[in-house]
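Enquirer: Return atomic coordinates for the entry below.
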Amino acid sequence: MWIDARIPVVFGALDEVRAVDAVIVEGDAIPAGMFGLSFQPGPGVPSAGCPCCASRGPLATVVGNMFAARARGEAPFFERVVAVLATPAGRQTIRAVLTADPVCAARFRLSGR
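Expert: All right, here's what the predicted structure looks like:
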């Protein structure tokens, strides 16, 4: 049996966020009492090159830092990430980062929901 231990990322709304969730919010600030990040859609996939040398997009870097803060105990130990997106471009940016960036793809996965 294979278990996927990566953190699931679901597309949803702020009213769906549970106490054990982190959030990624397109364009807006993070509501008080929630842990996560906000972003503006745009290029976020890695450039050509090997994973250790290629420059990573800004969203990929921030998502990686979000995981590192969780691992170091500097952030709540979230079990899931809810992506609250306002535009199709936001959805595409998140999807690209979680599939094309090797560091993010190793730690997070798009949920089937």
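
Enquirer: okay, CA-based contacts and neighbour counts for the rest of this
Expert: OK.

Enquirer: Chain neighbours aside, what residue packs nearest to residue 20?
Expert: Distance criterion Cα to Cα, 6 or more residues apart in numbering; nearest residue to residue 20, sequence neighbours excluded, is residue 78 at 4.9 Å.

Enquirer: List the contacts of the top helix by length along the chain.
Expert: If you go by DSSP state H, the chain has its longest helix at helix 58-72. By Cα atoms under 8 Å, 6 or more residues apart in numbering, the surrounding residues in contact with helix 58-72 are 36-37, 39, 44-45, 75-78, 97, 101, 103-104, 107.

Enquirer: Save those as CSV, and put in pLDDT and neighbour count too.
Expert: Shown next, in CSV, are the contacts of helix 58-72 (pLDDT from 0 to 100; neighbours: other Cα atoms under 10 Å):
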residue, pLDDT, neighbour count
36, 92, 22
37, 89, 20
39, 85, 18
44, 48, 21
45, 47, 22
75, 93, 15
76, 93, 17
77, 95, 16
78, 96, 17
97, 91, 25
101, 91, 22
103, 90, 18
104, 93, 22
107, 95, 16
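
Enquirer: Turn these into TSV, columns for secondary structure and distance to residue 6.
Expert: Formatted as TSV, those follow (DSSP: H, G, I helix; E, B strand; the rest coil; distance: Cα to Cα, whole Å):
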residue	secondary structure	distance to residue 6
36	strand	17
37	strand	19
39	strand	22
44	coil	20
45	coil	19
75	coil	17
76	coil	16
77	coil	13
78	coil	12
97	helix	14
101	coil	14
103	helix	11
104	helix	10
107	helix	5
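
Enquirer: Fine by me, thanks again.
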